[in-house]
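**Student:** got a structure for you, letters missing:
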């Protein structure tokens, strides 16, 4: 399953999202909207959100770190990741 995370510089929630995914052994593609500002519009179009992180697992928009952590607590994240 492909995982894409839109991140920003110095974002603590981005770091926590990556740590959670790393703890699950998940690899992801990272898009830094500060290094590639043109990708910010892409993120907003895909997610409808302006804040980072924005996390996509496959075609599913998970949301931000809080949403990712909520799916983990609910036992839904492994299924979404295809495990």
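**Tutor:** The structure has been received and is ready for your questions. Small disclaimer: the values here were computed from a predicted structure and weren't measured.
**Student:** Could you give the bridge partners of the one residue sitting closest to the centre of the chain?
**Tutor:** Centroid-nearest residue in the chain, with C-alpha atoms, centre = their mean: residue 55, separated by 2.1 Å. Listed by DSSP bridges, the beta-bridge partners for residue 55 are residue 5, residue 63.
**Student:** Not counting residues beside it along the chain, what's closest to residue 71?
**Tutor:** Of all residues not flanking residue 71 in the chain, residue 77 sits nearest, at 4.4 Å (C-beta to C-beta, 6 or more residues apart in numbering). The way it works is simple: take the backbone N, C-alpha and C, and place the C-beta from them, glycine included.
**Student:** what's the neighbour count on that neighbour?
**Tutor:** Applying other C-beta atoms under 10 Å, we find 20 other residues in the vicinity of residue 77.
**Student:** where do the strands sit along the chain?
**Tutor:** In the chain, the segments counted as strands under DSSP state E are 3-7, 29-32, 54-57, 60-63.
**Student:** Go ahead and name everything in contact with the first one.
**Tutor:** Contacts of strand 3-7 from elsewhere in the structure, counted by C-beta atoms under 8 Å, 6 or more residues apart in numbering, are 14, 17-18, 21, 26-33, 39, 43, 47, 52-57, 81.
**Student:** Nothing else from me, thank you.
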